[in-house]
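# Sequence plus predicted model, see below.
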Amino acid sequence: MVDEELISEFDWLTEILYSGRILRDEAGQIEQRIKEAPNDKKSRATLLGYYSTKSRISKVDKDRLTKHILWILENAPDCGIGKTPWLHISKSDNPKDYQKAKELLLRQCERFKNDSEVLMDLACALSFEEPEIAADLLRKLYTSLSEKEDVAFWLSTILKRLSHKNNDRQALFESMTLMQEVVAAEKPDDMFDRRDRLVKLAFECEEFGLATTICNDMLSDNGGNNQSVHTAHIVLGRIDAMRNNIPAAVEHLRNAGKVGTGCRLASYGPLMQLAQELLANGEGEAVIQYLTDCKTFWELGKRKLPKWISEIKGGKTPVLEGDEW
């Protein structure tokens, strides 16, 4: 009989995030433990984190990772990590096991069709490779709920991805409308401000008046959120650049680079679209200053930024890559 302590409740995401620190010998010991107690979910989570965070992973370890993902989809579909990349199996890299994962996800979506939290999480897991199916599932869930903000957020996110994939303006506008609903239902703070997403959608929908209003609101009422301030200046600068007001666009770029750090800024980095546009307009010095300022908060960009600066000084036009738009 399996020790009940091995399958007691725990936080999957926390376990995954911290398990990347274990050593290979420890991972081997945990693999052995699972052979003896296959229902040890905590050990499954530990190994999922260990294999997923390795910078270089062998075929053997990839196969082990896939094995654990499939086990979790079949035996722990309510683990709550479907919104993260941890349960993703690539359709192009591993079509056979991907098909198994898809079948398991669809089966579990039917099983948990009356559990909105689990269904939303499973639909998000599907969205990495099957955004159309995920969007249909979330639309049905959206119509059945009285409190819709969470599902509206994830449906908006998936629809934005679909709009880019299929060049679908209708999906883009639907994404914006849903995100407006999300923003209306919550109060922004120094950690989270969904207007960061809404303003980008408004810009893409060419709702520039709405985008300007949102940016000005973000700057006036949430100046403690460095991500919001950064995004607001980038969007306002892009609007100015589009209207050929280059001096104003340069000033917004300067302000966007002067923000303090934040979790997303430190990892995913700054938005680079305005810098790329101004670089094409001959504003190399302004872009160099922006990239220099970004060194203060973009921890993971310390190799890229000096390279780009050097290339610009040398007369080249590098492709600037930062956070997703």
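All right, it came through fine.
# measure the nearest residue to residue 105 once chain neighbours are set aside to residue 279 for me?
Computed as CB to CB, 6 or more residues apart in numbering, the closest residue to residue 105 that is not its neighbour in sequence is residue 126, at 5.1 Å. In short, each C-beta sits where N, CA and C put it, glycine included. Counting by CB to CB, to the nearest Å, the gap from residue 126 to residue 279 is 38 Å.
# same deal with residue 267?
24 Å.
# Neighbour count for these two, which is higher?
Neighbours were counted for residue 267 and for residue 279 using other CB atoms under 10 Å; residue 279 has more, 23 against 12.
# Name the helix or strand for the more buried one, please.
helix 273-280 (DSSP states H and E).
# what's next to that helix, contact-wise?
The contact list for helix 273-280 (CB atoms under 8 Å, 6 or more residues apart in numbering) reads 234, 237-238, 241, 246, 249-250, 252-253, 256, 286-287, 290-291, 312, 317, 319-320, 325.
# Stretch 219-231 spans what distance, first to last residue?
10 Å (CA to CA, to the nearest Å).
# Same question for stretch 181-196.
End-to-end distance of stretch 181-196 (CA to CA): 14 Å.
# next one: that stretch to chain centre, how far?
Here stretch 181-196 is found 16 Å from its chain centre; the criterion is CA atoms, centre = their mean, to the nearest Å.
# Now do the buried residues in that stretch.
Neighbour counts over stretch 181-196 (16 or more other CB atoms under 10 Å) mark 182, 183, 188, 193, 194, 195, 196 as buried.
# and those as TSV, adding distance to residue 110 and secondary structure?
Output for the buried residues of stretch 181-196, formatted as TSV (distance: CB to CB, whole Å; DSSP: H, G, I helix; E, B strand; the rest coil):
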residue	distance to residue 110	secondary structure
182	27	helix
183	32	helix
188	37	coil
193	36	coil
194	30	coil
195	36	helix
196	35	helix
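# Could you dump these into TSV and include pLDDT and distance to residue 212?
Output for the buried residues of stretch 181-196, formatted as TSV (pLDDT from 0 to 100; distance: CB to CB, whole Å):
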residue	pLDDT	distance to residue 212
182	96	20
183	96	15
188	88	17
193	95	17
194	95	18
195	97	12
196	96	15
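# Of those, just say which sits nearest to residue 299.
residue 196 (19.7 Å; CB to CB).
# Isn't the closest one up against residue 229?
No - contact status for residue 196 versus residue 229: not in contact, 9.9 Å apart, counting by CB atoms under 8 Å.
# tell me, what's touching these two both at once?
With CB under 8 Å, 6+ apart as the test, residue 196 and residue 229 both reach residue 218.
# Would you tell me what the next helix or strand after the helix holding residue 279 is?
helix 284-294.
# residues of that next one that come out buried?
284, 286, 287, 288, 289, 290, 291, 293, 294.
# Check the gap between residue 137 and residue 120 for me.
Counting by CB to CB, the gap from residue 137 to residue 120 is 8 Å.
# ok, now residue 135?
According to CB to CB, residue 135 stands 12 Å off from residue 120.
# Over to residue 35?
Residue 35 is 34 Å from residue 120, by CB to CB.
# try residue 316
45 Å.
# Compare neighbour counts for these two and give me the winner.
Neighbours were counted for residue 316 and for residue 120 using other CB under 10 Å; residue 120 has more, 24 against 11.
# nearest spatial neighbour of the more buried one, skipping sequence neighbours?
residue 151 (5.5 Å).
# Same check on residue 16?
Counting by CB to CB, 6+ apart, the residue nearest residue 16 is residue 49, at 3.6 Å.
# residues near the one you found, how many?
Counted with other CB under 10 Å, residue 49 comes out at 22.
# element containing it, please.
Assigned by DSSP H and E, residue 49 belongs to helix 41-52.
# before we move on, what about residue 118?
Going by DSSP H and E, residue 118 is in helix 116-127.
# which parts of that helix are buried?
Neighbour counts over helix 116-127 (16+ other CB under 10 Å) mark 116, 118, 119, 120, 121, 122, 123, 124, 125, 126, 127 as buried.
# Stretch 151-165 now?
For stretch 151-165, by 16+ other CB under 10 Å, it's 151-163.
# any idea how far the nearest residue in space to residue 100 that is not next to it in sequence lies from residue 44?
Leaving aside its chain neighbours, residue 100 sits nearest to residue 70 (5.8 Å; criterion: CB to CB, 6+ apart). In this view, residue 70 and residue 44 are 11 Å apart by CB to CB.
# More neighbours: these two, which one.
Comparing residue 70 with residue 44 by other CB under 10 Å, the one with more neighbours is residue 44, at 25 against 16.
# Great, nothing more from me.
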